[in-house]
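Participant: Sequence and predicted structure, then a few things I'm wondering about:
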Amino acid sequence: MSDWKAKRFWKDAAVVAVEDGFTVELDGRRVKTPAKRPLTLPTRTMAEAVAAEWQAQEKQIDPRTMPVTKTANAAIDKVAVQKAEVVGMLAAYGDSDLLCYRADSPEGLVARQAAEWDPMLDWAAQILGARLETREGIMHEPQAPEALAELHRRTATLDAFELAAFHDLVSLTGSLILGFAVLEQAFDPEEIWALSRLDETWQAEQWGRDDLAEQEAEIKRQAFLHACAIIVLCKAA
């Protein structure tokens, strides 16, 4: 493997308004995505976050320290060019949403799932106009077509940047409804993450902590919180 690494060649990273939004210039040269597309961002706040990541680079560029830039690149190079497929994949989670599949025992877990997950399904019915029904066990049972159609419609209204973050929100939680709860900024992100981990938390309470599992969960939690932050940047001025 090569040890070559891109080196910093600029002094200043600046935000510049363009026709379709904002971009970042490095000493007057516009940043492009890995696929050589213009890095056009939807809000000034997001552009400022990207510029700050470029400005923070030292002698060598470290993509691991540029999460907002990475997500923006994915939105432009991957999501935007296959939006219909991404929308379909994410909307399909509604038919197998984590919140709908309930344990039939033990009684304590059944009660906790009902107490913590039922309000989210009620919220989705009231705010999103989509009532999803619960099932016992893990066998798939289709949801009402009209509810799935409404969730698909709402997913399709998201732009490429929102979808890039929404992908992580939904896939990391296993729940389209929890993804929309973040998107609507209706609940605290940590609360939503805790809801997605209800079963794992229950198991840990019964059988004790698993250090390796907790390390893996923390990595996912950080990725989830990053996606939440991207949603905030998308909705900012």
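Facilitator: The structure has been received and is ready for your questions. None of the values given here were measured: they were computed from a predicted structure.

Participant: buried stuff in the helix ranked longest in the chain?
Facilitator: Counting residues, the longest helix found in the chain (DSSP state H) is helix 211-235. Going by neighbour count (16 or more other C-beta atoms under 10 Å), the buried part of helix 211-235 is 217, 220-221, 224-225, 227-234. Where you see a C-beta, it was placed from the backbone N, CA and C, and this is true even at glycine.

Participant: Any chance you could list what contacts that helix?
Facilitator: Around helix 211-235, the neighbours that count as contacts under C-beta atoms under 8 Å, 6 or more residues apart in numbering are 42-43, 45-46, 49, 67-68, 71, 159, 161-162, 164-169, 172-173, 182-183, 185, 189-190, 193, 196-197, 200.

Participant: And stretch 187-196, by the same measure?
Facilitator: For stretch 187-196, the surrounding residues in contact (C-beta under 8 Å, 6+ apart) are 98-99, 116-117, 120, 172-175, 178, 181-182, 201, 221, 224-225, 228.

Participant: State the mean pLDDT of it.
Facilitator: For stretch 187-196, the mean per-residue pLDDT is 97.

Participant: And for stretch 125-132?
Facilitator: Across stretch 125-132, pLDDT averages out at 98.

Participant: Just the buried residues out of the contacts of stretch 187-196, in PyMOL syntax.
Facilitator: Those of the contacts of stretch 187-196 that count as buried under 16+ other C-beta under 10 Å are selected in PyMOL with:
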select buried, resi 98+99+117+120+172+173+175+178+181+182+221+224+225+228
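
Participant: Looking at the contacts of stretch 187-196, which are in strands?
Facilitator: With strands defined by DSSP state E, no entry of those lies inside them.

Participant: filter the contacts of helix 211-235 to the buried ones?
Facilitator: 42-43, 45-46, 49, 67-68, 71, 161-162, 164-169, 172-173, 182-183, 189, 193, 196.

Participant: re the thing from before, just the ones of the contacts of stretch 187-196 in helices?
Facilitator: Those of the contacts of stretch 187-196 lying in helices (DSSP H): 116-117, 120, 172-173, 178, 181-182, 201, 221, 224-225, 228.

Participant: I'd like to know which of these is nearest to V24.
Facilitator: Proximity of those to V24 (C-beta to C-beta) peaks at C228, which lies at 22.4 Å.

Participant: Pretty sure A72 sits against M46.
Facilitator: Yes - A72 is within contact range of M46, at 7.1 Å (criterion: C-beta atoms under 8 Å).

Participant: Common neighbours of those two, please.
Facilitator: Shared contacts of A72 and M46, defined by C-beta under 8 Å, 6+ apart, are found at F161.

Participant: Would you map the helices across this protein?
Facilitator: Along the chain, counting by DSSP H, helices occupy 44-56, 67-74, 83-91, 107-123, 145-156, 160-173, 176-183, 189-196, 198-207, 211-235.

Participant: who touches the residue nearest to E53 when sequence neighbours are not counted in this structure?
Facilitator: Distance criterion C-beta to C-beta, 6 or more residues apart in numbering; nearest residue to E53, sequence neighbours excluded, is M66 at 4.2 Å. By C-beta under 8 Å, 6+ apart, the residues touching M66 are 50, 53-54, 57.

Participant: mind running it again at 10 Å?
Facilitator: 49-50, 52-54, 56-57, 72-73 (C-beta atoms under 10 Å, 6 or more residues apart in numbering).

Participant: contacting residues for L121?
Facilitator: 97, 99-100, 130-134, 177.
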